[in-house]
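Colleague: Following is a predicted model, sequence given first.
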Amino acid sequence: MLLGTPAAWGTPRAEDSDASRVAQNYLERFYPRWFSYQQARTAHIHDPGGNVLFGPDRVTPLYGAVVAINVDTLYASAIVEPGPEPVIFTIPKTSVSYSLLTATNFGDVFDSGIPSGRPGSYALTAPDWHGTLPSGVTRVNVPYQQSMWIIRGDKYSGGRNTVAKAESFRRNLRMATLSDYVANRDAGHTSIVPEATFAIRYKVIADNLVARAPITFLRQLQAAVHDPKTAPLGREDKAVAAEFDHIFGNGRNLPDKLRDQIARGARQGHARITENYLDHTTGTNWVNFRNIGKWSDQDYLDRSSIAEFLQWGNSLPTAAYWHAFKDASGTALNGSSKGYVVTFPAGKLPETSRFWSLTAYTPQAVTLIPNSAGTYAVASYTPGLKKNPDGSLSIYLSRTRPAGVAPANWIPVGSGEFNVMLRAYGPQGGALDGSYVPPGITPLTGS
């Protein structure tokens, strides 16, 4: 079974109890909160005060904190928690293309209130805050006690290398409390920290806990859901949480039979999250979701699937994503074979206003694949990219570069199972309206 998930866990049985059903529903609905809760706890160890911008000094296979990290942009992130005084967020002027993602700690995207691409200083306030702001500062109400703010600046723009400008932009983003801002309007620059700070592979921890210690995982998830900073729950969410709390208690001293039933339900829920993601496929076996960050009340399973495989992915129209675990015939991608090729016919690359990229990842953690070439992606901006005589573009995925293939057209994938993600930032045309379907990945043939 792909990703090592026992198929039977996701199949309810006639003898499954109410306890199994309740645990399954609870995990399926609230799964994303475990991730943001753990990530916030780690961030607060390094900076207990919160409301601080930070980003990694580099992104390599060591990076594991967020699944499916991209290598196309430079990141700056903050966990925003408006308190008794506003947080002043300053966006400098720049010619670099960038995007701002604002999401609840469940991953629901909300409007930041900051016009796209507009520099300036913005006071991030709790809705009930009353006070006076300095001249030139625009008030923006943040309706959540805790939310995630992620800024991504493009390394390449319009075919030009803009890495230096993107680095300058993210370092000059600033976030400071009102009092610190008044004392020094240059306070709160982005802190660039060692990549090792982001090495924790939360997805692997979650997967292993559910498989081997599901009661422990559920106790951690319950603590996250009860955290006062958790985004407000709707009526149905509250009912699911209350039913679980009634059966589970604090998760200690459960009778053996009840413990086994709850554990089974948790594993079934986790299997359903994985299966739901892998089932959202096109005819060419690319996984594609159109509702990232914009889920309806009934889309909680989709929301949990995205937390597992693409946490903090952008919503449309900022970006579109396609994710492949299988080749065009339905066989799992595996680098122990001779390799693969994906060929985009002339005029059939995803339309974008920013860039497209293809990135390879490890099977379980969905992190970058270590390789001596230090190559993790091929993109619209990749220097030296060679098209075929008919105008099509072929990208090769293999352990070693096939003979005659330009280095720019090759992504090393290691010797085991792997997966690849196609991104379109600033999607247009079919990439935006959902009609675009990437071509299938096909095995290489010959000696």
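Modeller: Yes, it's here.

Colleague: And the spatially most central residue of the chain, how far from Pro232?
Modeller: Nearest to the mean C-alpha position of the chain, by Cα atoms, centre = their mean, lies Gln311 at 2.4 Å. Note on Gln311: its distance to Pro232, by Cβ to Cβ, to the nearest Å, is 21 Å. No exception for glycine: its C-beta is placed from N, CA and C like everyone else's.

Colleague: Tell me how far stretch 38-52 lies from the chain's centre.
Modeller: Computed by Cα atoms, centre = their mean, to the nearest Å, the chain-centroid distance of stretch 38-52 equals 19 Å.

Colleague: Now do the buried residues in that stretch.
Modeller: By neighbour count with 16 or more other Cβ atoms under 10 Å, stretch 38-52 contains the buried residues 38-40, 43, 50-52.

Colleague: hang on, isn't Thr382 packed against Ala408?
Modeller: Yes: between Thr382 and Ala408 a contact is recorded at 5.1 Å, counting by Cβ atoms under 8 Å.

Colleague: more neighbours, those two?
Modeller: Neighbour tally, Thr382 and Ala408, criterion other Cβ atoms under 10 Å: the higher count belongs to Thr382, 18 against 14.

Colleague: so who does that one touch?
Modeller: Thr382 is in contact with Ala408, counting by Cβ atoms under 8 Å, 6 or more residues apart in numbering.

Colleague: Distance-wise, check it relative to Lys338.
Modeller: From Thr382 over to Lys338 (counting by Cβ to Cβ), the distance is 23 Å.

Colleague: before we move on, what about Leu101?
Modeller: The spacing between Leu101 and Lys338, counted by Cβ to Cβ, is 39 Å.

Colleague: more crowded one of the two?
Modeller: Leu101 (19 against 14).

Colleague: I figured the more buried one was touching Phe110, is that so?
Modeller: No: contact status for Leu101 versus Phe110: not in contact, 10.0 Å apart, counting by Cβ under 8 Å.

Colleague: which one is Ala211 nearest to, not counting chain neighbours?
Modeller: Arg267 (6.9 Å; Cβ to Cβ, 6 or more residues apart in numbering).

Colleague: for the lengthiest helix in the chain, packing partners?
Modeller: Longest helix in the chain, counting residues (DSSP state H): helix 18-46. The contact analysis (3 or more Cβ pairs under 8 Å, 6 or more residues apart in numbering; DSSP states H and E) places helix 18-46 against strand 73-80, helix 202-212, helix 214-226, helix 235-248, helix 256-279, helix 300-310.

Colleague: what separates the very next helix or strand once past that helix from the chain centre, distance-wise?
Modeller: Downstream of helix 18-46, the next assigned helix or strand under DSSP states H and E is strand 54-56. Its chain's C-alpha centre and that of strand 54-56 lie 16 Å apart, by Cα atoms, centre = their mean.

Colleague: Contacts made by stretch 280-287 with the rest, please.
Modeller: 277-278, 288-289, 302, 305, 309, 322-328, 330, 422, 437-441.

Colleague: one step back: helix 300-310 and the longest helix of the chain, what's the angle between them?
Modeller: 40 degrees (axes from the mean of the first three to the mean of the last three Cα atoms, to 10 degrees).

Colleague: quick check: mean pLDDT across helix 18-46?
Modeller: Mean per-residue pLDDT for helix 18-46: 93.

Colleague: How far does that helix sit from its chain's centre?
Modeller: With Cα atoms, centre = their mean, you get 15 Å for helix 18-46.

Colleague: Kindly report the same for stretch 231-245.
Modeller: 24 Å.

Colleague: where's the residue nearest to the centre of the chain relative to Gln364, distance?
Modeller: According to Cβ to Cβ, Gln311 and Gln364 sit 15 Å apart.

Colleague: same deal with Tyr381?
Modeller: Tyr381 is 29 Å from Gln364, by Cβ to Cβ.

Colleague: between the two, who's got more neighbours?
Modeller: Applying other Cβ under 10 Å to Tyr381 and Gln364 shows that Tyr381 carries more neighbours, namely 21 against 15.

Colleague: What pLDDT does the model give the more buried one?
Modeller: Reported pLDDT for Tyr381: 96.

Colleague: Show me the shaky parts of the stretch 301-447 of the chain.
Modeller: For the stretch 301-447 of the chain, the stretches flagged by pLDDT under 70 are 446-447.

Colleague: ugh, wrong one, I meant the stretch 1-150 of the chain
Modeller: Using pLDDT under 70, the stretch 1-150 of the chain drops low at 1-16, 46-49.

Colleague: run the last query once more with 50
Modeller: By pLDDT under 50, the weakly predicted segments of the stretch 1-150 of the chain are 1-15.
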